[in-house]
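Student: sequence plus the predicted model coming up.
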Amino acid sequence: MSELFKFQKDERGVALITLNRPDIHNAFNDELILGLTKLFKELDRDDSVRLVVLTGNGKSFCAGADLNWMKSMVNYSEEENFKDSQNLANLFFTINNFKKPVIGKINGAALGGGCGLVAVCDFVITHSKAKFGFTEVKLGLLPATISPFVVAKIGQSHARALFLSGHMFKAKHAKKIGLVHKVVEPEELEEKANEAINNFLQAGPSAAMASKALIKNVLQKEGHELIEYTCREIAKIRVSSEGQEGMNALLEKRKPNWI
């Protein structure tokens with residue numbers, strides 16, 4: 001496993017991925033991007049994994065692109081830049097479409113592409129000292145590869161205000177615009193993140209994955225097609241082994257077998 005990030009999985013099926021470049025604020029380079037993409041694809045196929053927690057080592061979560069990596073791209077042609085950007089876009093796409101829950105435990109500053117990682121997490125917890133920013137325009141660049149995921153998360157109005165200015169903002173504002181879900185004090189982050197993990201583990205594993213797919217699909221359908229789809233989905237899961245176990249556990253006043 002690459003030392004650019006650390007990975008561990010516990011007996012509950014909780015996979016922890018920790019970005020591990022603290023000296024440069026866990027910034028991206030091509031090796032980190034490809035390694036994370038490969039790992040998320042492997043975990044998506046691993047039935048023993050219930051959910052993934054993504055965090056960083058050190059004071060920052062992720063400061064975006066590594067300056068040395070950016071330096072190597074200065075003389076790239078437009079086509080070379082296009083191919084290089086595809087790898088980063090593929091990372092965000094892979095995490096966004098990961099079948100299982102992804103919890104972002106944002107331990108510090110998230111800038112540029114680091115905010116892109118925040119945007120593709122299903123639940124995000126951070127602390128009050130963390131800072132965020134889509135700072136690309138201050139370098140004469142664009143938050144292009146992260147934009148589909150960020151705009152879906154915070155909406156067009158907030159994206160206009162933040163993409164066009166590159167303004168950095170605090171955790172409180174990140175929560176207000178929907179980029180993060182919970183803000184705690186720094187000393188509480190570990191405890192409150194564990195509480196969130198336990199809450200997610202109460203869900204049936206198949207139901208959690210089906211719910212994530214449901215959200216994506218209802219946004220792409222309408223009218224009778226949408227009604228047909230949602231009714232088929234609930235009918236299918238009611239007769240599944242997990243659905244039957246959950247309903248029987250409720251009726252018998254006991255915990256379902258996945259807890």
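Tutor: Received, thanks.

Student: and Leu214, how many neighbours does it have?
Tutor: For Leu214, the neighbour count with other Cβ atoms under 10 Å is 16. C-beta coordinates here come from the backbone N, C-alpha and C atoms, glycine included.

Student: where does it sit: helix, strand or coil?
Tutor: helix (DSSP: H, G, I helix; E, B strand; the rest coil).

Student: I'd say it and Glu233 touch.
Tutor: Yes: contact status for Leu214 versus Glu233: in contact at 6.1 Å, counting by Cβ atoms under 8 Å.

Student: all helices for the chain, in order.
Tutor: 30-45, 67-73, 78-96, 113-119, 147-163, 171-176, 189-201, 205-218, 223-238, 241-251 (DSSP state H).

Student: give me whichever of these is most buried.
Tutor: Among the helices of the chain, helix 113-119 has the highest mean neighbour count (mean count of other Cβ atoms under 10 Å), at a mean of 27.

Student: low-confidence ranges in this protein?
Tutor: Counting by pLDDT under 70, the ranges of the chain that qualify are 1-2.

Student: rerun at 50
Tutor: Applying pLDDT under 50 to the chain picks out residues 1.

Student: would you map out the domains in it?
Tutor: Split into domains by automatic domain parsing, the chain comes to 5-201, 205-251.

Student: distance from the longest one to the middle of the chain?
Tutor: Centre-to-centre, domain 5-201 and its host chain are 6 Å apart (Cα atoms, centre = their mean, to the nearest Å).

Student: span of it from start to end?
Tutor: One end of domain 5-201 sits 24 Å from the other (Cα to Cα, to the nearest Å).

Student: do the last one as well
Tutor: Length of domain 205-251, first residue to last, Cα to Cα: 20 Å.
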